[in-house]
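# Show me how the following folds:
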Amino acid sequence: MAYINLENDLPGIRGPMAFRPETAKPLNELAEILLHDDNNTLTRGERELIATYVSSLNDCFFCQNAHGGIAQHYLQCDVHFIDNVKKDYESMPLSDKLKSLLSIAASVQKGGKYVTPEQIEHAKTVGATDLEIHDTVLISAAFCMFNRYVDGLGTWTPTDRQYFINRGAQRAEEGYLHFDLHK
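Residues are numbered from 1 along each chain as shown. Presented below is the predicted three-dimensional model:
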């Protein structure tokens, strides 16, 4: 049960979004641009993985599993791969560029001033563009907000991780603008 009466029984972020659709619209528009839009050189899977990683650092069960399920779909991997990225991305078979961006994401999660010029320079050295660095920082900052929105209202979350895996393909197909919050 959420801390306030959301007038619905929807899980995670969907509950407060359905409660206040006028704020859901711009939040979903931001998520669409950052995670689903094709005008980006990072793949959808890479962007969802950044969102998943930041959500795991914030200990937001709903967001790390919802976006982890979507990342699984895009990356064609299993939940164990996603879990291992969350535990120790440095040891995973990811590009040096993505590892550098995950490092930046972790710094943003702590606070914007934790990002260092050395991290940015390293990311550029391994091929990250200014747009990719920008979007990594914004995805990370946005997911700190989204995670706090979900957990700050005490929304309920399914505990069966298979729920999120099953929904990953559907959410990937629909994106963030054209789905029914009530389903």
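# name the helices or strands packed onto whatever helix or strand residue 66 lives in?
In the assignment (DSSP states H and E), residue 66 maps to helix 61-75. Counting contacts by 3 or more C-beta pairs under 8 Å, 6 or more residues apart in numbering; DSSP states H and E, helix 61-75 packs against helix 44-57, helix 79-88, helix 130-152, helix 161-174. Using the backbone N, CA and C atoms, a C-beta is placed for each residue, glycine as well.
# hmm, 6 Å instead?
Helices and strands touching helix 61-75, as assessed by 3 or more C-beta pairs under 6 Å, 6 or more residues apart in numbering; DSSP states H and E, comprise helix 44-57, helix 130-152, helix 161-174.
# Can you give me the buried ones in it?
Neighbour-count burial for helix 61-75 flags 61-75 (criterion: 16 or more other C-beta atoms under 10 Å).
# got it, and stretch 110-128?
Neighbour count says stretch 110-128 has 115, 119-120, 122-123, 128 buried, by 16+ other C-beta under 10 Å.
# nearest to residue 19, of the buried residues of helix 61-75?
residue 62 (15.4 Å; C-beta to C-beta).
# Which helix or strand contains the closest residue to that closest one other than its chain neighbours?
Nearest non-adjacent residue to residue 62, counting by C-beta to C-beta, 6 or more residues apart in numbering: residue 12, 3.4 Å away. Under the criterion of DSSP H and E, residue 12 resides outside all helices and strands.
# swap in the one 3 residues further on?
Residue 15 is part of helix 14-19, with elements assigned from DSSP H and E.
# Flag every buried residue along the very next helix or strand once past that helix.
Next in sequence after helix 14-19, counting helices and strands by DSSP H and E, comes helix 21-31. By 16+ other C-beta under 10 Å, the buried positions in helix 21-31 come out as 24, 27-28, 30-31.
# So what touches helix 21-31?
17, 176-177 (C-beta atoms under 6 Å, 6 or more residues apart in numbering).
# State the pLDDT value of residue 153.
Looking at residue 153, its pLDDT reads 98.
# these two touch, right, it and residue 6?
No. Look at residue 153 against residue 6 with C-beta atoms under 6 Å: they stay out of range, at 7.5 Å.
# out of the two, which sits in the more crowded spot?
residue 6 (20 against 16; other C-beta atoms under 10 Å).
# Many thanks, have a good one.
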